[in-house]
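In: Dropping a prediction and its sequence here:
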Amino acid sequence: MILLSKRAEYGLMALLHLAGAAVRGRPVSAASIAARHRIPAALLGKVMQDLARNGLVESVKGVAGGYQLRQAPAKVTLGDVVAAMDGPIQLAGCQSGCDCDQRRDCTVRAPLLRLNDAVVAPFERITLADLKAGGHGRGQARARR
């Protein structure tokens, strides 16, 4: 089973919220995002720190401060969000270079690597702009405008 963590879900919710706020050009506080989406504020604070550390958002200091996207929504993929929250998407441990006893004679590694590529592809194609617009692939949000 492939299951996104709650942190990845909350990160995606926050980024989609910021993508909507980007139109107004104003940063948004983590507290207001947490309240709007009923996310525990302390947990969202940590999620926002991870998003900032991974270059997806930036913190703006001051009275009217908060968070804003570092890039346009059309440049941030679902894969970027998952990787920032959970690390790379992997179907098998051997993809990360683990020292498995069966590695030399493994019959499932190559097929799993191909399957992993197929699973990851949509994550790398779908952007925040696509999700905001209800699309399902790179360029769909732009095509509707």
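Out: Done, it's in. Computed from a predicted model, the values in this text were never measured in an experiment.

In: mind exporting whichever helix or strand residue 118 is part of as PDB, just the C-alpha atoms?
Out: Using DSSP states H and E, residue 118 falls within helix 109-125. The C-alpha trace of helix 109-125 is given here as PDB (Å, rounded to 0.1, in the frame of the first residue of the first chain):
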ATOM      1  CA  ARG A 109      14.700  -5.500  -7.800                       C
ATOM      2  CA  ALA A 110      14.700  -4.600 -11.500                       C
ATOM      3  CA  PRO A 111      10.900  -5.000 -12.000                       C
ATOM      4  CA  LEU A 112      10.300  -3.000  -8.800                       C
ATOM      5  CA  LEU A 113      12.600  -0.200 -10.000                       C
ATOM      6  CA  ARG A 114      10.600   0.000 -13.300                       C
ATOM      7  CA  LEU A 115       7.300  -0.100 -11.300                       C
ATOM      8  CA  ASN A 116       8.600   2.600  -9.000                       C
ATOM      9  CA  ASP A 117       9.400   4.800 -12.000                       C
ATOM     10  CA  ALA A 118       5.800   4.400 -13.200                       C
ATOM     11  CA  VAL A 119       4.400   5.200  -9.800                       C
ATOM     12  CA  VAL A 120       6.600   8.300  -9.400                       C
ATOM     13  CA  ALA A 121       6.000   9.800 -12.900                       C
ATOM     14  CA  PRO A 122       2.600  11.300 -12.100                       C
ATOM     15  CA  PHE A 123       3.900  12.800  -8.800                       C
ATOM     16  CA  GLU A 124       6.600  14.600 -10.900                       C
ATOM     17  CA  ARG A 125       4.100  15.700 -13.500                       C
END
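
In: how far out from the middle of the chain is that helix?
Out: Distance, stretch centre to chain centre, for helix 109-125: 17 Å (Cα atoms, centre = their mean, to the nearest Å).

In: What are the buried residues along that helix?
Out: 112, 116, 120, 124-125 (16 or more other Cβ atoms under 10 Å). Quick note: C-beta positions are derived from backbone N, CA and C, even for glycine.

In: What is the nearest of these to residue 29?
Out: Residue 29 lies nearest to residue 124 out of the buried residues of helix 109-125, by Cβ to Cβ, at 30.3 Å.
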